[in-house]
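>>> Sequence first, then the predicted structure, then my questions.
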Amino acid sequence: MSKTGTDKPSVHRVAMAKRVAAMWLEERATPHHRLTVYRGHGRESRNLPGLFRAFRDGRMKLGKVTPIGDLGIKPEFDHVILWTKDAKGLQDLDDVLRGMGLETSGVA
């Protein structure tokens with residue numbers, strides 16, 4: 001038991017902890033943009049995650065798009081989700097992918 005005889009947490013400490021956590025998140029959180037690329041029925045779309053990793057790492061080129069260093073890649077069953085802070089780079093990548101015949105959700 002505490003000195004006051006109650007086991008309730010201090011309301012002041014909880015409020016202060018929430019403010020500190022909110023400030024920490026605001027300093028470190030950054031907006032990002034997403035693009036969903038849907039897998040087709042061809043053999044080319046089977047290894048889309050590997051293709052995007054090679055593009056991100058600069059090992060291959062996709063059109064005239066410069067590699068996006070912070071490109072996040074999440075493979076799913078029938079689509080691949082890409083995200084980055086670089087809206088222009090992701091839009092350029094979307095244009096190239098649509099030119100290749102892949103279906104995308106558009107940059108959000």
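That came in fine, so what should we check first?

>>> how about the longest helix along the chain: buried residues?
Identified as the longest helix of the chain according to DSSP state H is helix 11-28. Residues of helix 11-28 include none that count as buried (16 or more other C-beta atoms under 10 Å). To be clear about C-beta, it is placed using only N, CA and C from the backbone, and glycine gets the same treatment.

>>> what's the next secondary structure element after that helix?
strand 33-38 (DSSP states H and E).

>>> What ranges in the protein fall below the confidence cut-off?
1-6, 9, 42-45 (pLDDT under 70).

>>> residue nearest the centroid of it?
W83 (3.3 Å; C-alpha atoms, centre = their mean).

>>> where does it land in three-state SS?
strand (DSSP: H, G, I helix; E, B strand; the rest coil).

>>> And for the one 5 residues further on?
Secondary structure of K88, reduced to three states by three-state DSSP: helix.

>>> That one: neighbour count?
When neighbours are defined as other C-beta atoms under 10 Å, K88 has 13 of them.

>>> Same check on V107?
Applying other C-beta under 10 Å, I find that V107 has 20 neighbouring residues.

>>> Also R56?
With other C-beta under 10 Å as criterion, R56 counts 18.

>>> Who are the contact partners of it?
By C-beta atoms under 8 Å, 6 or more residues apart in numbering, the contact set of R56 is 67-69, 71, 73.

>>> Buried subset of those residues, written for PyMOL?
Those of the contacts of R56 that count as buried under 16+ other C-beta under 10 Å are selected in PyMOL with:
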select buried, resi 67+68+71+73
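
>>> so which of the contacts of R56 comes closest to L35?
Using C-beta to C-beta, L71 comes nearest to L35 of the contacts of R56, at 9.7 Å.

>>> measure the closest one to R28 for me?
19 Å (C-beta to C-beta, to the nearest Å).

>>> measure stretch 50-70 end to end?
By C-alpha to C-alpha, to the nearest Å, the extent of stretch 50-70 from end to end equals 15 Å.
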